[in-house]
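Participant: Got a predicted model here, sequence first, then my questions.
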Amino acid sequence: MVLPPVRQQRGGTVICFTGDSEGNALREHSRWSLAPFESLASRVVLIDWSDPRRDEQLLEALSGPVWFAASMFGLGQEISVTNGHESGNYWSVFGIPFVRMFGDLPAYFPDRHVAAFPNSINFYGDPVQTAFYNRWFSSPALAITAPPLVLDRIPTQSLDLSSKKTGRILFPTNGNSVDRLTRYWHESLPESVADALDAMAEESTQWARLNGRPRFDDLVVSYFAAIGLDVGANRPLLCFLVAQLDDYLRRFKSRMIAEALLDLPVIIRGRFWDHVDFSGKRAIYDPDSDAASTRELIDQAPAVIDMSPNTQDIPHDRVRRAIGRCTAFLTNRMACFDGVGMESKRFTFDFSPESIHDLVEQYVLRPSDAVELGMEQSRVFLARYRDECYAEALATVVDLCALRI
């Protein structure tokens, strides 16, 4: 396919590439992430990479000036062009900033975080992810933390509060087994490496790291420094070890939450929960994980339970989605809830089975309180997390990238 020359212009078309993903989450999150630009750009075009019509959709999107392109994980960034005397990466040749949106540590799939061309931007969901990139990657991509954005908003006049009061509290997340991960270590890795991961994983579950900011790179570097090895000198190795520990702690936390909820009449929704026995329990297991259909369950629920992905400074996307749907969120204690204008103990728990169970049980017994909490949270956080702050931050870094200096 021959792509036409294109001009970069602020306020032009925003092109976003999506693709197949678990529960169609990629498309949904891409759409939510660029919604604030619908009033600022001439148009926002979503192109599904798996759609056989993607080439004609891309040609049509390139028919006028383009502000920037974007995708989760850099999907679509490798498009090349040979056009007269110009050849190379399409976005680089024509100076189109490409925003790569990430929601995890760069330790996962680190090659996707390396700048393929100078005018790419890494847009992270939390400062800990941006800081990890800046510490361990020397590629020229600009890196920015996305300001909090409320997702998937519902008009307040369409709320059905009566159905919420009779619904079930929802825990919508995929599971994954801690034991399955540690078996992988011992079956696939050298014994010394598996033993080291066991020791570091155990240390990561101590109270401070479990409930705070677990700097896995510091943990890994210091562990191996004790035997005289500088693991930080080998970024792929460091990233592999950090990703294992980050994944371990997420699995550890999600299992703790699920097991603390088993004797409560809640819905645990998502895949990979086969390691938890739901037989004879009051909790209902729903193996579906579709992001769009979860919307109806959120609207019917008095509250949504969530846990942050080992982060502290920006609420997780499921929390921000609950805010957008005017549904209460119950989540782990985080620094970002300090000084927000409401008492965070009303909706946060520590990572202990008792704390999780007691908080959720409180709203199971009094669903009307949960509904009122959700309305208050939405008022407070919608005023705090404004679309224009998010859009201005992203537009500014795009403008800087477009300078091509």
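Facilitator: Good, I have the coordinates.
Participant: so where's this structure shaky on pLDDT?
Facilitator: Counting by pLDDT under 70, the chain has low-confidence residues at 23, 83-86.
Participant: so after the one helix or strand Ser254 maps to, what's the next helix or strand?
Facilitator: For Ser254, the host element (DSSP states H and E) is helix 235-261. Of the helices and strands lying after helix 235-261 in sequence (DSSP H and E), the nearest is strand 267-269.
Participant: What pairs with that following strand, parallel or antiparallel?
Facilitator: strand 170-172 (parallel), strand 284-286 (parallel) (DSSP bridges).
Participant: Spatially central residue for this protein, please.
Facilitator: Geometric centre of the chain, nearest residue: Gly103, 3.6 Å, by Cα atoms, centre = their mean.
Participant: Excluding covalently adjacent residues, which one is nearest to that one?
Facilitator: Gly125 (4.4 Å; Cβ to Cβ, 6 or more residues apart in numbering). Glycine gets a C-beta too; all of them are placed from N, C-alpha and C.
Participant: go on, Leu400?
Facilitator: Leu142 (6.7 Å).
Participant: Tally up the residues packed near that neighbour, please.
Facilitator: Residue crowding around Leu142 was assessed by other Cβ atoms under 10 Å; the count is 17.
Participant: ditto for Ser138
Facilitator: Ser138 has 8 nearby residues by other Cβ under 10 Å.
Participant: what sits against the nearest residue to Ala116 once chain neighbours are set aside?
Facilitator: Of all residues not flanking Ala116 in the chain, Gln77 sits nearest, at 5.7 Å (Cβ to Cβ, 6+ apart). Under the criterion of Cβ atoms under 8 Å, 6 or more residues apart in numbering, the neighbours of Gln77 are 69, 71, 89, 91, 98, 100, 116-117, 120.
Participant: Checking Gln77 next. Helix, strand or coil?
Facilitator: Three-state assignment for Gln77 (DSSP: H, G, I helix; E, B strand; the rest coil): coil.
Participant: Just give me the longest strand of the protein.
Facilitator: With secondary structure taken from DSSP state E, the chain has its longest strand at strand 8-18.
Participant: So what touches it?
Facilitator: Applying Cβ under 8 Å, 6+ apart, the set of residues contacting strand 8-18 is 26-27, 30-31, 34, 37, 40-49, 58, 61-62, 64-72, 75-76, 94-97, 395, 398-399, 402.
Participant: Generate a PyMOL selection restricted to the buried entries among those.
Facilitator: Applying 16 or more other Cβ atoms under 10 Å to the contacts of strand 8-18, the buried members can be selected in PyMOL as follows:
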select buried, resi 26+27+30+31+34+37+40+41+44+45+46+47+48+58+61+62+66+67+68+69+70+71+72+75+76+94+95+96+97+395+398+402
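Participant: In strands only, show me the contacts of strand 8-18.
Facilitator: Judged by DSSP E, strands contain the following of the contacts of strand 8-18: 43-48, 66-72.
Participant: what's the closest of the residues you listed to Phe171?
Facilitator: Among the ones in strands among the contacts of strand 8-18, Met72 lies closest to Phe171 (Cβ to Cβ), at 23.7 Å.
Participant: Let's verify the closest residue to that closest one other than its chain neighbours: helix, strand, or coil?
Facilitator: Residue nearest to Met72 in three dimensions, not counting chain neighbours: Met101, with 5.0 Å by Cβ to Cβ, 6+ apart. Taken by three-state DSSP, the conformation at Met101 corresponds to strand.
Participant: Please list all residues in contact with Leu105.
Facilitator: So Leu105 contacts 128-129, 132, 216, 242-243, 246 (Cβ under 8 Å, 6+ apart).
Participant: Kindly recompute the last result at 6 Å.
Facilitator: Shown in contact with Leu105 (Cβ atoms under 6 Å, 6 or more residues apart in numbering): 129, 132, 246.
Participant: Out of these, flag the one nearest to Glu187.
Facilitator: Asp246 (20.4 Å).
Participant: Could you pull up the residues touching the closest one?
Facilitator: Counting by Cβ under 6 Å, 6+ apart, Asp246 touches 105, 216, 310.
Participant: The last one contacts Phe216, correct?
Facilitator: No: applying Cβ atoms under 6 Å, one finds Asn310 not in contact with Phe216, separated by 8.0 Å.
Participant: Report how many residues lie close to Glu259.
Facilitator: 16.
Participant: can you check the one 10 residues further on too?
Facilitator: Around Arg269 sit 22 other residues, with neighbours defined as other Cβ under 10 Å.
Participant: what does Tyr248 give?
Facilitator: Counted with other Cβ under 10 Å, Tyr248 comes out at 23.
Participant: Would you mind measuring from the closest residue to it other than its chain neighbours to Ser71?
Facilitator: Nearest residue to Tyr248 in three dimensions, chain neighbours excluded: Ala201, at 4.7 Å (Cβ to Cβ, 6+ apart). Applying Cβ to Cβ, to the nearest Å, the value for Ala201 to Ser71 is 32 Å.
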